[in-house]
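[1] Got a predicted structure plus its sequence, pasted below:
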Amino acid sequence: MQIPKGKKIYFASDHHLGAPTLEASRPREKKFVAWLDEVKEDAAAIFILGDLFDFWMEFKTVVPKGFTRTLGKLAEISDSGIPIYFFVGNHDLWMDGYFEEELNIPVFHKPKEFIFNDKVFLIGHGDGLGPGDKGYKRMKKVFTNPFFKWLFRWLHPDIGVSIAQYLSIKNKLISGDDDAKFLGDDNEWLVLYSKKKLEDKHCDFFVFGHRHLPMTIPLNESSKYINLGDWIQYFTYGVFDGDHFELKTFKH
């Protein structure tokens, strides 16, 4: 994809809408919608890198209550012709067609490579990648198991969603974000994952979320690891103008 002159690509992640309650997260949701309104003016594309919701589960005919402002704004932007790409996170990994069918937003469950203006990006949420995090990796295998998902869908949505929301907030093994402090270049497992990937193929930018910390870390002379931070404490997002990638803070 060649980015038209004057256009930019935007990235954001880890909004956790609905946490700790729908009402408490509403100011953050309104702030995110204001950001979407701002960036749509010059966006060539928008990437949302997971954990937009603190919990999301699609039953056959039911999706979680709430998030009307966000979903409406995403529909408006998508309908206007600006492509939006969504990568599931560990809190909203149970997506199963609603975004594609209702909003025309493609959903990715694994990291994916994109090329913008001859720059190679590897983009994803970041959960379960790299060394360590073994407890969460075991938990993720259970959550993504088709039989487990089938069993869970037999619960009444009021019961299933309530249980999942409780676990999403209370269980740090599930959330995977128990230790949101910088661990050092040699211990940040997404940095180690990115360096490992570079052994096989060049990539200019590795862009992830999940860690809730805004970070820009050089991997070598031409490659960088970017973590987008979150919309709970930092309200940070990424911008690529065709040549340079920058992390910014939304202060609306």
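    Right, received. Where do you want to start?
[2] Could you list the paired strands of the helix or strand harbouring Tyr225 along with their orientation?
    Taking DSSP states H and E as the criterion, Tyr225 maps to strand 224-228. Strand 224-228 sits in its sheet next to strand 205-208 (parallel), strand 214-218 (antiparallel), going by DSSP bridges.
[3] Centre of the chain to the shortest one, how far?
    The one in question is strand 205-208. Taking CA atoms, centre = their mean, to the nearest Å, one finds the center of strand 205-208 at 12 Å from the center of the full chain.
[4] Can you classify Leu122 as helix, strand or coil?
    strand (DSSP: H, G, I helix; E, B strand; the rest coil).
[5] ok so, going back, what's next to the strand holding Tyr225, contact-wise?
    Identification of contacts with strand 224-228 by CB atoms under 8 Å, 6 or more residues apart in numbering yields 11-14, 49, 126, 188, 190-191, 194, 204-211, 213-219, 236-238, 245, 247. Placement of C-beta: from N, CA and C, glycine included.
[6] Buried among those? Make that a ChimeraX selection.
    Only the buried entries of these go into this ChimeraX selection, using 16 or more other CB atoms under 10 Å:
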select :11,12,13,14,49,126,188,190,191,194,204,205,206,207,208,209,210,211,213,214,215,217,219,236,237,238,245,247
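[7] Which positions within stretch 101-109 qualify as buried?
    Buried, per 16+ other CB under 10 Å, within stretch 101-109: 103, 105, 107-108.
[8] Mean confidence (pLDDT) on stretch 185-192, please.
    Average pLDDT, stretch 185-192: 88.
[9] what about dumping the CA coordinates of it to CSV?
    Below are the C-alpha coordinates for stretch 185-192, written out as CSV (Å, rounded to 0.1, in the frame of the first residue of the first chain):
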residue,chain,number,x,y,z
ASP,A,185,15.5,-4.5,26.8
ASP,A,186,16.9,-8.0,27.6
ASN,A,187,13.7,-9.0,29.5
GLU,A,188,10.9,-7.5,27.4
TRP,A,189,9.5,-10.6,25.8
LEU,A,190,8.1,-8.8,22.8
VAL,A,191,11.5,-7.2,22.1
LEU,A,192,13.0,-10.7,22.3
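[10] chain center to it: distance?
    19 Å.
[11] what does it contact?
    126, 129-133, 182, 206, 208, 210-211, 215, 217, 219, 225, 227.
[12] Out of the buried residues of stretch 101-109, list just those in helices.
    Among those, DSSP state H puts none in helices.
[13] Turn those into JSON lines, columns for pLDDT and distance to Leu122.
    Shown next, in JSON lines, are the buried residues of stretch 101-109 (pLDDT from 0 to 100; distance: CB to CB, whole Å):
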{"residue": "Leu103", "pLDDT": "97", "distance to Leu122": "24"}
{"residue": "Ile105", "pLDDT": "98", "distance to Leu122": "20"}
{"residue": "Val107", "pLDDT": "97", "distance to Leu122": "17"}
{"residue": "Phe108", "pLDDT": "97", "distance to Leu122": "12"}
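[14] Which member of the residues you listed is positioned nearest Ala45?
    The nearest member of the buried residues of stretch 101-109 to Ala45, counting by CB to CB, is Ile105 at 11.2 Å.
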